[in-house]
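J.: what shape does this take:
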Amino acid sequence: MRSFLASSIGVTCAAVLVLPSAAPASAAPDTLTAPAGSAEPSDIAGSTQSLPLSPLPAPSGESTDDPTRTTTAAEQGLLERDVRPFSLVGVVWDDPDAELHGTVQVRTRALGTTRWSDWQDLETHNAEHGADPGTTERESGTVRGSTAPLWVGDSDGVSVRVRPATSDPQDRTESAVPLPTGLRLELVDPGKDPQQDPAAGPESSGDGEDGRTTMLDGRVLPALSKAESEALGEAEAGLAPGAQPYIGPRPRIVTRKGWGADEKLRERAFVYTKTVKAAFIHHSATGNNYTCSQAPAVLRGIYRYHVKSSGWRDIGYNFAVDKCGNIYEGRAGGVTKPVLGAHTLGFNANTMGIAVLGTFTGSNPSASAVNAVAKLTAWKLGLFGADPSGRTTLVSGGGNKFKKGTKATLNVISGHRDGYATECPGARLYKKLGSARTSSARLQGR
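T.: Numbering: from 1, shown residues only. I've put the predicted structure just below:
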């Protein structure tokens with residue numbers, strides 16, 4: 001996806017973000033530097049193959065009409081090869097502050113077949129996702145630069161090419177912008193689904209049934225009525241009897257246990273901010289080629305990529321929503337708590353990040369997904385007294401749109417691009433935020 005210009009180079013939103021913090025437990029035994037052709041069985045809990053990229057031979061007889069191609073800078077990548085099974089792919093590099101100016105494309109082979117995909121683009125501008133500058137997570141020393149990850153489905157073959165851009169695409173005599181050092185291809189196997197899959201459909205056990213009967217051993221938080229949600233919210237917030245809390249009904253939420261998060265991957269401690277004044281809406285930029293039954297696997301892939309490949313302390317988003325309207329708990333710490341995420345560089349404090357799984361630059365989000373955003377924000381923002389149709393003032397922690405310390409007045413439900421010069425959450429999803437605000441406020445009783 002193309003990003004807007006910020007300074008001279010654009011950046012975009014993706015889920016799969018660039019942050020990090022306190023070092024997670026050692027990456028050893030499940031982050032593997034695998035030789036080509038390695039065929040050991042994948043760990044049931046998931047695994048990551050990390051393959052160093054190398055200069056590619058100059059293509060013979062290939063057209064040079066592409067203005068981004070250069071004749072002087074070597075491309076890096078890997079030629080077609082067999083690998084252990086994986087479903088999600090991304091590219092990382094050593095310096096989180098270095099941008100990759102160029103294109104990253106992958107081809108993958110469907111598991112157990114000879115069928116190769118066409119070349120697919122990875123979003124290279126991903127630095128606007130991550131922990132705020134100067135925070136413990138950001139300065140942990142474990143964070144790496146990264147593309148957004150791409151969901152490709154069950155695969156066992158891969159090829160990748162990274163093409164550097166020139167400083168002036170119109171002048172092909174210009175030298176290429178150097179690629180970041182330490183480029184590696186990350187191939188993520190998300191592991192097997194939990195024994196019971198709670199994400200069979202949107203609100204599959206809420207609407208029309210008593211959601212309180214659907215607790216699956218901690219895998220799902222059932223939907224509650226508005227009255228029940230307000231009673232719980234009043235108790236937690238210590239509101240005076242009779243005060244109007246304006247809390248929307250709690251929607252059904254698939255917990256981390258429900259989507260199969262391996263809690264050994266993340267940093268054990270939880271980090272909180274003071275309150276939740278706003279919600280930033282993102283798209284994950286992982287593509288739209290997934291089914292709703294695969295959404296838990298997509299989340300496990302993003303989670304592993306954020307922690308093991310990008311070096312973050314946990315998944316960056318506080319919540320995720322799939323195309324069927326299922327809502328998922330994201331970063332650990334408690335769904336009712338003001339958990340500090342790593343989703344909107346400069347504005348992670350006192351906010352929450354919601355990622356809609358998919359890419360919405362040219363495709364429309366489903367009505368179910370937009371409705372789920374409205375339901376989730378009506379409830380969670382209501383717990384902290386925030387009006388989804390209103391505006392609030394946030395202090396920037398540093399970014400390309402608002403300098404550190406700047407007071408920014410933003411919509412309580414904002415798109416990522418409102419706080420950072422990025423294309424995220426995609427033009428098609430961004431256009432739906434007005435209706436989400438209206439619906440969310442109505443669900444709160446405003």
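J.: residues of the longest strand along the chain that come out buried?
T.: When the chain is parsed with DSSP state E, its longest strand is strand 76-93. Buried positions in strand 76-93, judged by neighbour count with 16 or more other CB atoms under 10 Å: 76-78, 83-93. C-beta coordinates here come from the backbone N, C-alpha and C atoms, glycine included.
J.: would you turn the residues you listed into a markdown table with distance to residue 255 and pLDDT?
T.: Below are the buried residues of strand 76-93 laid out as a markdown table (distance: CB to CB, whole Å; pLDDT from 0 to 100):
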| residue | distance to residue 255 | pLDDT |
| --- | --- | --- |
| 76 | 40 | 97 |
| 77 | 39 | 97 |
| 78 | 37 | 97 |
| 83 | 32 | 98 |
| 84 | 29 | 97 |
| 85 | 27 | 97 |
| 86 | 25 | 98 |
| 87 | 22 | 98 |
| 88 | 21 | 98 |
| 89 | 27 | 98 |
| 90 | 25 | 97 |
| 91 | 31 | 98 |
| 92 | 28 | 97 |
| 93 | 33 | 96 |
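J.: could you export those as a markdown table, including distance to residue 160?
T.: Below are the buried residues of strand 76-93 laid out as a markdown table (distance: CB to CB, whole Å):
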| residue | distance to residue 160 |
| --- | --- |
| 76 | 9 |
| 77 | 5 |
| 78 | 5 |
| 83 | 11 |
| 84 | 16 |
| 85 | 17 |
| 86 | 12 |
| 87 | 16 |
| 88 | 14 |
| 89 | 8 |
| 90 | 10 |
| 91 | 7 |
| 92 | 12 |
| 93 | 13 |
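J.: and which of those residues is nearest residue 424?
T.: The shortest approach to residue 424 among the buried residues of strand 76-93 belongs to residue 90, at 16.0 Å (CB to CB).
J.: so that closest one makes contact with residue 145?
T.: No - using CB atoms under 8 Å, residue 90 makes no contact with residue 145, being 10.8 Å away.
J.: list phi and psi for residue 107.
T.: Backbone torsions of residue 107, given as degrees, to the nearest 10, read phi -120, psi 140.
J.: rewinding a little: so what are the sheet partners of the longest strand of the chain and their directions?
T.: strand 54-55 (antiparallel), strand 145-146 (antiparallel), strand 150-164 (antiparallel), strand 184-189 (antiparallel) (DSSP bridges).
J.: buried stuff in the third one?
T.: When burial is assessed from 16+ other CB under 10 Å, strand 150-164 yields the following buried residues: 150-153, 155-164.
J.: out of these, flag the one nearest to residue 327.
T.: Of all the buried residues of strand 150-164, residue 327 sits closest to residue 151, with 18.8 Å by CB to CB.
J.: any idea how far residue 302 is from residue 411?
T.: Separation of residue 302 from residue 411 (CB to CB, to the nearest Å) stands at 26 Å.
J.: these two: who's more crowded?
T.: More crowded of residue 302 and residue 411, by other CB atoms under 10 Å: residue 302, with 30 against 18.
J.: wait, is the more buried one part of a helix?
T.: Yes - counting by DSSP: H, G, I helix; E, B strand; the rest coil, residue 302 is part of a helix.
J.: tell me how far it lies from residue 143.
T.: Distance, residue 302 to residue 143, using CB to CB: 16 Å.
J.: ditto for residue 111
T.: Distance from residue 111 to residue 143, by CB to CB: 31 Å.
J.: what's the closest residue to residue 119 other than its chain neighbours sitting at in phi/psi?
T.: Spatial nearest neighbour of residue 119, chain neighbours left out: residue 105 (4.4 Å); criterion: CB to CB, 6 or more residues apart in numbering. The phi and psi values for residue 105, taken as degrees, to the nearest 10, are phi -130, psi 150.
J.: ditto for residue 258
T.: The phi/psi pair for residue 258 (degrees, to the nearest 10) is phi -60, psi -40.
J.: ok, how many other residues are close to the nearest residue to it once chain neighbours are set aside?
T.: In space, and not counting its chain neighbours, residue 258 is closest to residue 219: 3.6 Å by CB to CB, 6+ apart. By the criterion of other CB under 10 Å, residue 219 has 20 neighbours.
J.: residue 219 is in contact with residue 252, isn't it?
T.: No - here residue 219 lies out of contact with residue 252, judged by CB under 8 Å, at a distance of 11.1 Å.
J.: find residues that contact each of the two.
T.: Listed as contacting both residue 219 and residue 252 by CB atoms under 8 Å, 6 or more residues apart in numbering is no residue at all.
J.: can you tell me which helix or strand residue 228 belongs to?
T.: Using DSSP states H and E, residue 228 sits within helix 226-237.
J.: I'd like the average pLDDT over that helix.
T.: Throughout helix 226-237, pLDDT has a mean value of 80.
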